[in-house]
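Chemist: Sequence first, then the predicted structure:
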Amino acid sequence: MFLRTVWLVTRKDLLIEIRSREIIYTTLFFAVSCVLVFAFGFVRDGRPVEDAAAGILWIAIAFSGTLALGRAFERERQSETLRALMMAPVDRPALYVGKLIGVLLLLAVVEAIVVPLVALMFQAPMFAHPVLMAGLLASGTIGFAAVGTLFAAMLVRARSRDVLLPILLYPITIPVIIGGVRGTAALLQTDVDLPIATAWLSMLVFFDVVFITLALWTFEPSMTE
Amino acid sequence: MSKRMHRMIQTMLMTAGLLVSLAVAPSLAMTQQPPEPPAGFVPADSVPAREQLPAAPLVIAAYAVAWVLVFGYLWSIWNRLGRVERELADVTRRVAAGGRR
Amino acid sequence: MKKLFAPAVVVLAAMFAYAPLAIHRAPYESTMGLVQKIFYFHVPSWIVMFTSAFVCGIASAILLFSGRKSADRVAAAAAELTVLFGTIGLLTGPLWGRKAWGVWWQWDARLTSALVMWLIFVAYLLLRKYGGAGSEKLSAVVALFGMANVPFVYWSVNMWRTVHPKTTVIMTLQPEMGRPFLLCALAFTGLYVLLLAARVRLENRRAELDDLFLAIED
């Protein structure tokens, strides 16, 4: 029952997105613009600073992720569908997981475009250690999206929700961003530091476990009156 | 003189002041250049006293920060509580005087 | 409980009056000298900040899972105090570090994680102020994430190589330093309890006012 609910919610989001493609196009464009703005912002001798690749990648993920979360739940708010979902006789945590997987799929598509873009612009060897790099990206994105989905859902009925989402999200996910950046940087530097990258990967997995546990635990009481 | 004239003169004076300070600031900064750094390694103890940080202002500032913040917060609670108590007294009085409306 | 308030204030005032004397009498630390004496206020304010974060988190959990309004009032009060004592810690630390380490700030594990935890509780206060109706439960969730940070911040010095001293320092203090430190720690804890009581009283009175307005509207 739990998994079926998760699948139904995810499928609903995917169907809507495939038909309108609104969030994916706008988020993708925003992520690419983000990378460009930061690449032109950090310039030395007229060329982008190469060490900044890891940081710029994760900033782009964080900013475009925030945007995507806001848009995804704005859609729910406009049609009062979130309220309808909450009234359905299903496990609340299943709703949360369903929304989370939808957001993760969206961010995966965005990252599939942005990572090669960053590799190209900064001549960064993003694909030298593909498994470790994919692991870092996956665990970092999961950590960020787990907290983001929880707060975006909570804020649907709050005032000033557009500015409050980043205010709440960024301090809590700073450790995840730090882990992602440091792990990625360790893989991109000239003498690749695999033990450090692996250490940060395990740190990210730890954060993911803590955040998802907290989110599953608090989703229902925070959404209900 | 008219109000418009007054405001124009105010604006001109402020702009002039801003431009003068912008011109003066860099020259002020340059006069405070630190002395030439010594060549080679010098252990911290043997750096001349002029270059060592005095600890006393830092310690005093630290304790001052703690006291100012604590008392500031106490004052803030006191103010807010006073406001709420006044409003409570006011509303209770109105209810007692007018009965249930 | 109310009758204890006045004597408690007197005792606390006496402790804080004696503290400068005790701190002055404490021996100088060998490498840092006078500036190390900031320690007697810096560490207790962080101890209180962590305690307050726990109080806020536990009250928030009680609010979320049992809906008790009184828990919400304690959580709101504790969050303000967390930010207050965190601010004291974040200002006294760099003042000490400027002389001891030569820099105002370092992005090491302890300082960064402590700053992040402080930011989380500032976000809590912003949410409560500007989130509109129903922000009590939302901020309770934020407080839980903040509380989860406390063990991380505490053990960060032991897990990573940081410029900040390790947690073992407190345990291995010599008695001439340990006694004034204990005095300051107890004084700060007492101060926290009194401030919390005062702030919760403010929340209670506000709630009474709200109830009164609601009763009038009938």
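Modeler: Perfect, I can see it now.

Chemist: Can you name the residues of chain C that neighbour chain A?
Modeler: Neighbours of chain A within chain C, by CB under 8 Å from any CB of the partner chain: C:64-65, C:112-113, C:116, C:119-120, C:122-123, C:126-127, C:130-135, C:137-138, C:140-142, C:144-145, C:148, C:152. C-beta here means a position set from N, CA and C on the backbone, and glycine is covered the same way.

Chemist: Mark which of these are part of helices, please.
Modeler: C:64-65, C:112-113, C:116, C:119-120, C:122-123, C:126-127, C:130, C:135, C:137-138, C:140-142, C:144-145, C:148, C:152 (DSSP state H).

Chemist: Would you mind listing which of those residues are buried?
Modeler: Buried subset of these (neighbour count, 16 or more other CB atoms under 10 Å in any protein chain shown): C:64, C:112-113, C:116, C:119-120, C:122-123, C:126-127, C:135, C:137-138, C:140-142, C:144-145, C:148, C:152.

Chemist: Any stretches of chain C with poor pLDDT?
Modeler: Chain C contains residues with pLDDT under 70 at C:1-2, C:218.

Chemist: Show me what residue of it gets nearest to chain A.
Modeler: C:Gly132 (3.1 Å; CB to the nearest CB).

Chemist: Was I right to think that residue contacts A:Arg161?
Modeler: No: between C:Gly132 and A:Arg161 no contact is recorded; they are 9.0 Å apart, counting by CB atoms under 8 Å.

Chemist: Compare neighbour counts for these two and give me the winner.
Modeler: A direct count of neighbours by other CB atoms under 10 Å in any protein chain shown for C:Gly132 and A:Arg161 places A:Arg161 higher, at 20 against 14.

Chemist: what's the more buried one in contact with, if anything?
Modeler: Taking CB atoms under 8 Å, 6 or more residues apart in numbering or on different chains as the contact definition, A:Arg161 lies against A:Gly70, A:Leu155.

Chemist: In terms of secondary structure, what does the helix or strand encompassing C:Asn158 contact?
Modeler: Using DSSP states H and E, C:Asn158 maps to helix C:135-159. Helices and strands touching helix C:135-159, by 3 or more CB pairs under 8 Å, 6 or more residues apart in numbering or on different chains; DSSP states H and E, are helix A:130-154, helix A:161-188, helix A:194-223, helix C:39-66, helix C:69-100, helix C:109-130.

Chemist: Could you rerun that using 7 Å?
Modeler: helix A:194-223, helix C:39-66, helix C:69-100, helix C:109-130 (3 or more CB pairs under 7 Å, 6 or more residues apart in numbering or on different chains; DSSP states H and E).

Chemist: Compute the inter-axis angle for that helix and helix A:161-188.
Modeler: If you take axes from the mean of the first three to the mean of the last three CA atoms, to 10 degrees, helix C:135-159 sits at 20 degrees to helix A:161-188.

Chemist: Next, format the helices and strands packed on helix C:135-159 as CSV and append distance to C:Thr162.
Modeler: Output for the helices and strands packed on helix C:135-159, formatted as CSV (distance: least, CB to CB, whole Å):
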stretch, distance to C:Thr162
helix A:194-223, 15
helix C:39-66, 14
helix C:69-100, 12
helix C:109-130, 5
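
Chemist: wait, which of those is closest to B:Ala96?
Modeler: Ranking the helices and strands packed on helix C:135-159 by proximity to B:Ala96 (CB to CB) places helix C:69-100 first, at 26.0 Å.

Chemist: ok, back up a step: so after the helix holding C:Asn158, what's the next helix or strand?
Modeler: Once the chain leaves helix C:135-159, the next helix or strand it forms, by DSSP H and E, is helix C:168-171.

Chemist: Is any residue of the helix or strand following that following helix near chain B?
Modeler: Next along the chain after helix C:168-171, taking DSSP H and E as the criterion, comes helix C:175-217. Yes: remark: helix C:175-217 sits within contact range of chain B at C:Leu191, C:Leu195, C:Ala198, C:Arg199, C:Leu202, C:Arg205, C:Arg206, C:Glu208, C:Leu209, C:Leu212, C:Phe213, C:Ile216, by CB under 7 Å from any CB of the partner chain.

Chemist: burial count for the residue lying closest to the fourth one once chain neighbours are set aside?
Modeler: Once flanking residues are discounted, C:Arg199 sits nearest to C:Ala77: 3.7 Å by CB to CB, 6 or more residues apart in numbering or on different chains. Other residues near C:Ala77 come to 25 when the count uses other CB under 10 Å.

Chemist: what's the weakest-modelled helix or strand in chain B?
Modeler: Least confident element among the helices and strands of chain B, by mean pLDDT, DSSP states H and E: helix B:3-31 (a mean of 58).
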